[in-house]
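K.L.:
Dropping the sequence and predicted coords here.
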Amino acid sequence: MTGGYPHPAAWPAARPRPPSGATAETLVLVGLLLQVIGGVLLFAALAFLFGFSVVHPYRLAWLAVTGGAVVAILVALFLYLVYTLCYQRIQRQEYSEARLPTLVLGVLSLFLGVIPGVLYLVGYVQLGDAVREQQAATDGPPGSLIACRGCGRVWPLGPFAFCPGCGQKLGA
């Protein structure tokens, strides 16, 4: 190897990803996609309203178009906040940092769309489980994780008698 590249032994070991973290990531992603679809539909409705106001001018058309543009900007800002504060942090396995934004944006999403809000709130609960699983993996002894023989997922040794993924008995 040349001096410009680090030796693979010097790279940090990858942290095991808790199963609840993967579930939270999926929930937030689905909620985000549903809100993107809602945003696209809102943009299409605003484009129709703008076209209608051009073809059939009336006195307060500018007010409707301006109000629609403000709503579209707020939706885009909300989507950006969910992506950067929640989804990217979950992808980087920063579960404790992603919990509060996921809760706040989940509660706010209940007013914008019920289904994404519920998905964010369930993702918030899963993030709490992921934080506990991460702490159990780092605080416990080296043998504190156990792999399921049925599905192959890795779980903390203490809290589960049966695999939450497939239901098979963990251990002996």
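P.N.:
That came through fine. Residues are numbered from 1 along each chain as shown.

K.L.:
who's in contact with the closest residue in space to D129 that isn't next to it in sequence?
P.N.:
Leaving aside its sequence neighbours, D129 sits nearest to S20 (C-beta to C-beta, 6 or more residues apart in numbering; 3.7 Å). All C-beta atoms are positioned from the backbone trio N, CA, C, and that covers glycine. When the contact criterion is C-beta atoms under 8 Å, 6 or more residues apart in numbering, the partners of S20 are Q126, L127, D129, A130, E133.

K.L.:
Point me to the helix or strand that includes the first one.
P.N.:
This means Q126. When secondary structure is defined using DSSP states H and E, the element that contains Q126 is helix 114-139.

K.L.:
mind checking pLDDT for the residue nearest to D129?
P.N.:
In this prediction, S20 carries a pLDDT score of 90.

K.L.:
Pull out the buried positions in the helix or strand hosting it.
P.N.:
Counting by DSSP H and E, the element that carries S20 is helix 19-55. Residues of helix 19-55 classed as buried under the neighbour-count rule (16 or more other C-beta atoms under 10 Å) are 19-21, 23-25, 27-29, 31-32, 34-36, 38-39, 42, 46, 53.

K.L.:
and if you look at stretch 96-105?
P.N.:
Residues of stretch 96-105 classed as buried: A98, R99, P101, T102, L103, L105 (neighbour count, 16+ other C-beta under 10 Å).

K.L.:
Closest to L63 out of these?
P.N.:
L63 lies nearest to L105 out of the buried residues of stretch 96-105, by C-beta to C-beta, at 29.1 Å.
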